[in-house]
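Colleague: Sequence plus the predicted model coming up.
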Amino acid sequence: MRIRWHGHACFEVDGSVKVVTDPHDGKSLGIAPPNVKADLVLVSHDHFDHNCARLVQGEDSSIITKPVMTVEKGVRIEGITADHDSDGGAKRGHITLFKFELDGTSFCHLGDLGHRLDDSQVDEISPVDFLFVPVGDVFTIGPEAAKDVIARIAPKVAIPMHYRVPGLGLAIQPVQNFLKVCDQKQIVRVGNEVEFTREDLPETGTEIWLFSK
């Protein structure tokens, strides 16, 4: 299998089908647009930097935007309702956390999560192999809350996202602020994309795979 980062919260998970999460259009953010055609598109919420499904959809793509439980293109999907802020969604509304299983590997994308998860949400997500977690603060949880979420869910691999990179037109924190609160032994730098098998995942503990453009 392969994971490729298209910037911000947009990832491509490529196995027997190609899943793309939270596609952006690039130019609205000041970064390159995603260059991929997906079989399945998961959109956590309807904000401009997460909802550009038209850019990545193919002729027969399925697009999921709601907290449903379904199977699409052979991918088992569970949508879990959460909030875009720490005030129950009063400031920025609600989002959908998507947990999905592809080729025997489980993933959960936390979108623009704006609060620490409650026990029921943790139970719905766990266990999971890969956790995509925002770390940039301001519009999402920040470094300390992200560290707490990772510790409570305990994925095999945590992937930070939604942080400041060169050219990005959002005033959010760089990933270095998150890395400072992590155990440095956990961090694995993987570049823009990584191919893996289940044998590559840690048997115990959590690795933090840091992608870069």
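Modeller: Received it, and whenever you're ready, just let me know what you need.
Colleague: From here on, just use CA atoms for contacts and neighbour counts.
Modeller: Will do.
Colleague: so the residue sitting furthest away from the middle of the chain, which of the three states?
Modeller: The C-alpha centroid of the chain is most remote from Glu59, which lies 24.3 Å away (CA atoms, centre = their mean). Following DSSP: H, G, I helix; E, B strand; the rest coil, we place Glu59 in the strand state.
Colleague: how far away is it from Asp39?
Modeller: Separation of Glu59 from Asp39 (CA to CA, to the nearest Å): 9 Å.
Colleague: And for His47?
Modeller: 21 Å.
Colleague: In terms of neighbours, single out the busier of those two.
Modeller: Asp39 (21 against 14; other CA atoms under 10 Å).
Colleague: That one: which element?
Modeller: strand 38-42 (DSSP states H and E).
Colleague: same question, Gly111
Modeller: Going by DSSP H and E, Gly111 is not in any helix or strand.
Colleague: helix, strand or coil for Pro67?
Modeller: Per three-state DSSP, Pro67 ends up coil.
Colleague: Tally up the residues packed near it, please.
Modeller: If we define neighbours as other CA under 10 Å, then Pro67 has 17 of them.
Colleague: Distance of the residue lying closest to it once chain neighbours are set aside relative to Phe100?
Modeller: In space, and not counting its chain neighbours, Pro67 is closest to Gly79: 3.8 Å by CA to CA, 6 or more residues apart in numbering. Relative to Phe100, Gly79 is positioned 9 Å away (CA to CA).
Colleague: Any stretches of this structure with poor pLDDT?
Modeller: Scanning the chain for pLDDT under 70 picks out nothing.
Colleague: hey, where'd the helices end up in it?
Modeller: 53-56, 119-125, 143-153, 175-179 (DSSP state H).
Colleague: Redo the ones you listed as CSV? Include distance to Pro160 and mean neighbour count.
Modeller: Below are the helices of the chain laid out as CSV (distance: least, CA to CA, whole Å; neighbours: other CA atoms under 10 Å):
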stretch, distance to Pro160, mean neighbour count
helix 53-56, 22, 19
helix 119-125, 17, 14
helix 143-153, 9, 19
helix 175-179, 8, 18
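Colleague: for the chain, what spans make up the strands?
Modeller: If DSSP state E is used as the criterion, the strands of the chain fall at 2-5, 11-14, 18-21, 38-42, 57-64, 69-72, 75-83, 94-102, 105-109, 130-134, 157-161, 187-191, 193-195, 207-211.
Colleague: Now tabulate these in CSV and tack on distance to Gly30.
Modeller: CSV is the format used below for the strands of the chain (distance: least, CA to CA, whole Å):
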stretch, distance to Gly30
strand 2-5, 16
strand 11-14, 17
strand 18-21, 19
strand 38-42, 22
strand 57-64, 21
strand 69-72, 32
strand 75-83, 26
strand 94-102, 24
strand 105-109, 23
strand 130-134, 19
strand 157-161, 16
strand 187-191, 20
strand 193-195, 21
strand 207-211, 18
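Colleague: between those strands, which one is nearest to Asp118?
Modeller: strand 75-83 (9.6 Å; CA to CA).
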